[in-house]
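A.B. asks: can't give you the sequence, but here's the structure:
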């Protein structure tokens, strides 16, 4: 096999992986950063999860999101790890 043919074979083998890495990188860039205290508001958690606030609130009120806490005034707080766990269960 010539060097050019080998290079072409390697390129065609890694092209799908490069595309997948680019998609994952773009998805991470679209997610908002997690605050320094590690707690997300309902709006932040819903944006991080990529769903609307009402859907996220409904799942939280039904106890489906780990580490979801109601604080004064009916506001919610979520941990990134709890949202990630919920997303992991949804992806299955």
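C.D. replies: Cool, the structure landed. Not measured: the values here are computed from a predicted model.

A.B. asks: so how far is stretch 13-27 from its chain's centroid?
C.D. replies: 16 Å (CA atoms, centre = their mean, to the nearest Å).

A.B. asks: sorry, slip of the keys, the one I care about is stretch 66-80.
C.D. replies: For stretch 66-80, the distance to the chain centre is 19 Å (CA atoms, centre = their mean).

A.B. asks: ends of that stretch, what's the gap?
C.D. replies: 10 Å (CA to CA, to the nearest Å).

A.B. asks: check stretch 29-41 too.
C.D. replies: End to end - CA to CA - stretch 29-41 spans 19 Å.

A.B. asks: quick one: buried residues of stretch 30-50?
C.D. replies: If you call a residue buried by 16 or more other CB atoms under 10 Å, then stretch 30-50 has these buried ones: 34, 39, 40, 42, 44, 45, 46, 47, 48, 49. Just so you know, the C-beta spots here come from the backbone N, C-alpha and C atoms, and that holds for glycine as well.

A.B. asks: these two touch, right, the last one and residue 86?
C.D. replies: Spelled out, it's residue 49. Yes - using CB atoms under 8 Å, residue 49 is in contact with residue 86, at 7.2 Å.

A.B. asks: coming back round to it: out of the buried residues of stretch 30-50, list just those in strands.
C.D. replies: Under the assignment DSSP state E, those contribute 39, 40 to strands.

A.B. asks: nearest to residue 75, of the buried residues of stretch 30-50?
C.D. replies: For the buried residues of stretch 30-50, the closest approach to residue 75 (CB to CB) belongs to residue 42, at 7.2 Å.

A.B. asks: and residue 16, how far is that from residue 23?
C.D. replies: 11 Å (CB to CB, to the nearest Å).

A.B. asks: thought residue 78 was touching residue 39?
C.D. replies: Yes - between residue 78 and residue 39 there is a contact at 6.9 Å, judged by CB under 8 Å.
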